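[1] fold the following, please.
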Amino acid sequence: MLVEYLQTSLRHAHYEILEEDKSFYGEIPGFRGVYANAPTLEECHEQLKEVLEEWVLFRIYKNLPLPQMDGIEIKNKESCIMPKFGQIKRRDLIAYLNNAGFEGPYSEGKHQFMIRDSVALRVPNLHRGDISKDLLSGVVLNV
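    Model prediction:
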């Protein structure tokens with residue numbers, strides 16, 4: 001649902017060319033502080049995507065509300081089936097993902113993965129203890 005929320009939010013982005021330097025400026029209405037400026041439209045879009053991802057993760061971590069987008073709502077931790085974003089045991093991550101409707105894990109190559117609809121999510125291998133917040137962030141954002 002997070003990936004769908006991010007993709008839907010980006011579809012609402014507005015871009016314009018700034019007269020002063022002919023660079024591109026992009027923002028998403030309703031997402032205060034989410035904006036980007038770059039020399040090309042493609043770079044502006046990529047920067048806006050990164051800013052949006054960080055903004056959403058920060059708000060989830062701080063349990064702050066997120067705007068509803070086209071009927072997609074990310075709920076706060078009291079009503080969420082996932083725990084607070086942070087370090088987690090691999091088996092707990094798999095259990096939470098199963099509860100969220102993901103199937104698996106399945107094996108292919110070096111890593112296992114889980115599937116829900118058209119989304120495949122890589123499950124990190126357990127090398128040294130729990131899955132760190134940084135590794136988990138990479139998994140979620142690289143779907």
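
[2] my guess is Ile88 meets Asp130, correct?
    Yes. Here Ile88 reaches Asp130: they are 6.1 Å apart, a contact under CB atoms under 8 Å. To be clear about C-beta, it is placed using only N, CA and C from the backbone, and glycine gets the same treatment.

[3] the two: which has the busier surroundings?
    Neighbour count, other CB atoms under 10 Å: between Ile88 and Asp130, Ile88 has more, with 20 against 15.

[4] distance check, that one against Arg11.
    30 Å (CB to CB, to the nearest Å).

[5] now do Leu41
    Separation of Leu41 from Arg11 (CB to CB): 15 Å.

[6] of those two, who's got more company?
    Leu41 (13 against 10).

[7] ok now do that one, which residues does it touch?
    15, 24 (CB atoms under 8 Å, 6 or more residues apart in numbering).

[8] over to Ile60?
    Contacts of Ile60 (CB under 8 Å, 6+ apart): 66, 74, 85.
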